[in-house]
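Trainee: Any chance you could fold what I've pasted below:
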Amino acid sequence: MAQTTTKKQLREGPAASLGLLTWVTCNANAESNNKVITCPDLADKVVDNERIKSFFIWRTEDEWRRVASTDVPNATITVSRGFSDNNTANVTFGLYGVLSPDEWSTAINAAVNDKFYKDRIVVALVAGQKEYTPNADWLQSKGQIIRMRWRDESSGATKPAEDEVAVAYPTEANHTVKIIVPSQPTVTNTSLVIEARHYYGGLAADNASVTLPARLAEAAVKHEALKLIFQKMGPSAKAVFGQQMVLTERELHEQEARWMDPGAKRDWSSEDEPYAGDWEQGGPSWGW
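Mentor: Model prediction:
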């Protein structure tokens, strides 16, 4: 079973790595409107009243607020708008710097949307039929296709034989892919298997997850978060986060090279040219 990484982990891990997450424990609301909360360990985490000014305090997935001010000696935090209730006894809050939880969601979705895993679509063959529409809404471009094979299960589903498809022509219109096979096996129990890149969708809830390796996912989220920080802070971000951006880009490239290798791929739209350039010139992933 593939290891999963949740949206919650993809927010907390990168934020902590960038020094933008601080945990505090709240034990009471100091006012009836729930805007001032008492956190006994605030002085242990924050050195002065300016440290978390304009931070964002996270209570639950549906309830977070901007920090309006802090009183470190009295261990209180005033938020921009009162929480829905005063049920804060021994509740752990996350204090996020620079980026709001909504902006972290933007960074997470931007990070995972261009990542993929290799998936297989099985298309049942019909005698005499030459054009097929794969039943997979995530296949929206013929460029996602890596290879196609005939899968013969005449000896049983656990004893299959697979052979490369000699000639096939993918077409696409309005992000709908169709496969044209001029000839197909007449053997029964044979199907067409399409191997393709399956791109991840966005993550809505905190418990939503992806099967991306954790280090790759976190590096991608950090990279997108840093881009948002540079957009938000402007030139002043370079002094604080410039080195982090360089190191994160390097780590992201390393993790993508390790986990996202598309492998050799046949160019189904051209029968005469290799897919990835001339192998004699060092073209990557060269293959017919």
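
Trainee: pLDDT below threshold where in this protein?
Mentor: 1-2, 28-32, 87-90, 261-288 (pLDDT under 70).

Trainee: Could you identify the longest helix within it?
Mentor: helix 236-259 (DSSP state H).

Trainee: Show me what that helix is in contact with.
Mentor: If you take CB atoms under 8 Å, 6 or more residues apart in numbering as the criterion, helix 236-259 is touched by 18, 212-213, 215-216, 219-220, 222-223, 226, 229-230, 233. C-betas here are computed from N, CA, C, even on glycine.

Trainee: Output that helix as PDB - backbone C-alpha positions only.
Mentor: The C-alpha trace of helix 236-259 is given here as PDB (Å, rounded to 0.1, in the frame of the first residue of the first chain):
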ATOM      1  CA  SER A 236      12.600  42.300   1.700                       C
ATOM      2  CA  ALA A 237      12.000  38.600   1.500                       C
ATOM      3  CA  LYS A 238      15.400  38.000  -0.100                       C
ATOM      4  CA  ALA A 239      17.300  38.800   3.100                       C
ATOM      5  CA  VAL A 240      15.200  36.300   5.200                       C
ATOM      6  CA  PHE A 241      14.200  33.600   2.700                       C
ATOM      7  CA  GLY A 242      16.700  33.900  -0.100                       C
ATOM      8  CA  GLN A 243      18.900  31.000   1.000                       C
ATOM      9  CA  GLN A 244      15.900  28.900   1.800                       C
ATOM     10  CA  MET A 245      14.700  29.400  -1.800                       C
ATOM     11  CA  VAL A 246      18.000  28.200  -3.200                       C
ATOM     12  CA  LEU A 247      18.100  25.100  -1.000                       C
ATOM     13  CA  THR A 248      14.500  24.300  -1.500                       C
ATOM     14  CA  GLU A 249      14.800  24.500  -5.300                       C
ATOM     15  CA  ARG A 250      17.800  22.200  -5.200                       C
ATOM     16  CA  GLU A 251      16.000  19.700  -3.000                       C
ATOM     17  CA  LEU A 252      12.900  19.800  -5.200                       C
ATOM     18  CA  HIS A 253      14.900  19.000  -8.300                       C
ATOM     19  CA  GLU A 254      16.600  16.100  -6.600                       C
ATOM     20  CA  GLN A 255      13.300  14.700  -5.400                       C
ATOM     21  CA  GLU A 256      11.600  15.100  -8.800                       C
ATOM     22  CA  ALA A 257      14.600  13.400 -10.500                       C
ATOM     23  CA  ARG A 258      14.200  10.500  -8.000                       C
ATOM     24  CA  TRP A 259      10.500  10.000  -8.000                       C
END
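
Trainee: Could you check how many residues crowd around G242?
Mentor: Using other CB atoms under 10 Å, G242 has 12 neighbouring residues.

Trainee: again with M245
Mentor: By other CB under 10 Å, neighbour count at M245 equals 17.

Trainee: With F93 instead?
Mentor: 21.

Trainee: For it, which residues are in contact?
Mentor: 23-26, 37, 39, 57-59.

Trainee: May I see the contacts of helix 236-259 arranged in a markdown table, with secondary structure, distance to S154 and neighbour count as well?
Mentor: Output for these, formatted as a markdown table (DSSP: H, G, I helix; E, B strand; the rest coil; distance: CB to CB, whole Å; neighbours: other CB atoms under 10 Å):
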| residue | secondary structure | distance to S154 | neighbour count |
| --- | --- | --- | --- |
| L18 | coil | 56 | 20 |
| L212 | coil | 37 | 25 |
| P213 | coil | 37 | 17 |
| R215 | helix | 42 | 16 |
| L216 | helix | 39 | 21 |
| A219 | helix | 45 | 24 |
| A220 | helix | 43 | 26 |
| K222 | helix | 50 | 25 |
| H223 | helix | 48 | 20 |
| L226 | helix | 54 | 23 |
| I229 | helix | 58 | 22 |
| F230 | helix | 58 | 16 |
| M233 | helix | 63 | 14 |
